[in-house]
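Peer 1: I would like to see how this sequence folds:
(one chain, ligands or ions: 2)
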Amino acid sequence: MFRFYNSLSRRVEEFVPKKKIIGIYSCGPTVYHFVHIGNMRSFLLSDVLRRSLMYGGYSVKQVMNITDVGHLVSDADEGDDKMEKAVRREGKTAWDIAAFYTDAFLADCKRLRLLPPTKMPRATDHIKEQIALVVALEKGGHVYRIKDGMYFDTATFPGYGKLSGQKLEDKQGGKRIGIAGKRNASDFALWKFSQGAKREMEWESPWGVGFPGWHIECSAMSRKYLGQPFDIHTGGIDHLPVHHENEIAQSEAAYGVPLTRFWMHGEFLVLGDGEKISKSKDNFLTLQTLIDRGYDPLAFRLFCFSAHYRTPLTFSWQAMDAAQNALNNLRQTVRAWEKPRGGVEDFEKRFLAALENDLDMPKAVAVMWEMVKADVSTAAKAASLLRFDTILGLDFKKYVAKPAKAEKPSAAAAKLLTQRLKARADKDWKESDRLRDELQKLGWGVLDGKDGGMTLVKSQQ
Ligand code: AMP
Ligand code: ZN
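Peer 2: Ligands and ions are numbered 1, 2, ... in the order given. Now for the predicted structure:
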């Protein structure tokens, strides 16, 4: 029995599926820029959730949207549309920008071994559905018109604020109203008018030419592909107070039934001192940044498992080194194992129990390590490890019972190794990192031992 923390009830609840196929909706990226590793941590939560449910024997349908229009730089419906901003930055069409960054995102998902969602609808392909939802809201008396667009009147939805635990009055308190004509500070745009501005992405609507507000796409597309209510909605914690609160308001006000039964939110990946990774700052780390520095994207995957998804996780290069070394060690170890046969039942039970306990990945990984070190047949361990890997996604199939071909490092690699030993003895970490990158380019990974020694391992290409 799975138990998940439901952000709506603010407690851990038993997850009892209502239908045969479990419906999950995950808020996807806004494709105006590369996704950063913080974003990837959020998407990894949906991946682990989905894999765990499948491991538990369920069928899952996962829908993840691609926001290719309508997401303004500010949550308060002000400022530029992120896509139009990218148009000015890059001098390409909005459609080209969306296509380029969608592809880049999909490539990153693949490198991190995220299972492709069952469906990835684009906001721009669902304008009709979004308009239909606004029409339904209008019929229910939830919409008003101002110069700038059509707005949702949050005072007409008594449940407004239930997800974040804020009352409407609290949300108003001290918050400026922002756009002229808005009735309540928490009201938000359902449809924005182009207002004569030159826009590449705009559509006809019953209210005038314009484009959808950001929140409406998730309400419209989740209903279309999963029905309402569906089982689980996931997203990053920053989306809880505005985006998800607004999704609830739209979907429930229009149709009178809950949007979803469970809300699951992933905490942030932060830099030291709690600094946010941001697309607009120079701390913009992508999966490609990690690869360029010689890390395997799967080391980042393993690193993310070191914290529970409801705990902020601090990124550091030292932590990445530790994850990369752990991964290299595991790969080396399992190469020497016998071919998979049978399994180690008690470890498998404990592994599943960790997943069932609100996706406790640090615990699941600890169980895996315990098993790897346990004094039982390596064939049984191999079989269990491959089963664990359906969740871990660390691609162990490539390594289990596949001894590395003995290969002597070239003279160049041996020389770099000697230099790196010296750099580390001198505590020159920058030089040590540079030399590790050099070795990586020659096809050699480095395992750092506790005693300051190091071993070269042929990288799997
Ligand atoms: P966006 O493209 O900005 O809508 O973000 C995509 C997803 O990444 C959302 O679910 C965000 O909540 C999430 N997210 C943004 N920054 C971080 C971060 N530093 N750590 C974890 N998740 C994040
Ligand atoms: Zn959403």
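
Peer 1: what does this structure put close to ligand 1?
Peer 2: Applying C-beta under 6 Å from any ligand atom, we find that the chain lies next to ligand 1 at 27, 29-30, 38-39, 41-42, 235-236, 238-239, 266, 268-269, 276-277. C-betas here are computed from N, CA, C, even on glycine.

Peer 1: if we go to 8 Å?
Peer 2: 26-31, 35-43, 67, 71, 234-239, 266-270, 276-277, 279 (C-beta under 8 Å from any ligand atom).

Peer 1: State the distance from Lys82 to Trp429.
Peer 2: Separation of Lys82 from Trp429 (C-beta to C-beta, to the nearest Å) stands at 37 Å.

Peer 1: Selection in PyMOL covering whichever of the residues of the chain next to ligand 1 are buried, please.
Peer 2: Restricted to buried positions by 16 or more other C-beta atoms under 10 Å, the PyMOL selection for these reads:
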select buried, resi 26+27+28+29+30+31+35+36+37+38+39+40+41+42+43+67+71+234+235+236+237+238+239+266+267+268+269+270+277+279
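
Peer 1: Which residue comes closest to Lys363 once chain neighbours are left out?
Peer 2: Ala354 (3.9 Å; C-beta to C-beta, 6 or more residues apart in numbering).

Peer 1: Tell me the secondary structure at that neighbour.
Peer 2: Three-state call for Ala354 (DSSP: H, G, I helix; E, B strand; the rest coil): helix.

Peer 1: Can you measure across stretch 244-264, start residue to end residue?
Peer 2: 11 Å (C-alpha to C-alpha, to the nearest Å).

Peer 1: coming back round to it: tell me which of Lys82 and Trp429 has more neighbours.
Peer 2: When Lys82 and Trp429 are compared for neighbours, Lys82 comes out ahead with 21 against 13, by other C-beta atoms under 10 Å.

Peer 1: Distance-wise, check the residue nearest to Lys363 relative to ligand 1.
Peer 2: 22 Å (C-beta to the nearest ligand atom, to the nearest Å).

Peer 1: Contacts only, for that residue.
Peer 2: Going by C-beta atoms under 8 Å, 6 or more residues apart in numbering, Ala354 touches 360-361, 363-364, 367.

Peer 1: Distance of it relative to Leu385?
Peer 2: Counting by C-beta to C-beta - Ala354 and Leu385 are separated by 15 Å.

Peer 1: Show me the shaky parts of the stretch 251-400 of the chain.
Peer 2: Counting by pLDDT under 70, the stretch 251-400 of the chain has low-confidence residues at 274, 279-282.

Peer 1: Try it again at 90.
Peer 2: 271-284 (pLDDT under 90).

Peer 1: Right, and ligand 2 sits closest to which residue of it?
Peer 2: Ligand 2 sits closest to Leu259 of the stretch 251-400 of the chain, with a gap of 10.5 Å, by C-beta to the ion.

Peer 1: Surely that residue touches Leu226?
Peer 2: No: assessed by C-beta atoms under 8 Å, Leu259 is found out of contact with Leu226, at 9.8 Å.

Peer 1: Give me the contact list for stretch 83-91.
Peer 2: By C-beta under 8 Å, 6+ apart, stretch 83-91 touches 30-33, 68-71, 73, 93-94, 97-98, 199-201.

Peer 1: partner residues bridging whatever residue of the stretch 51-200 of the chain ends up closest to ligand 1?
Peer 2: Proximity of the stretch 51-200 of the chain to ligand 1 (C-beta to the nearest ligand atom) peaks at Thr67, 6.5 Å away. When bridges are called by DSSP bridges, Thr67 pairs up with Thr30.

Peer 1: Fine by me, thanks again.
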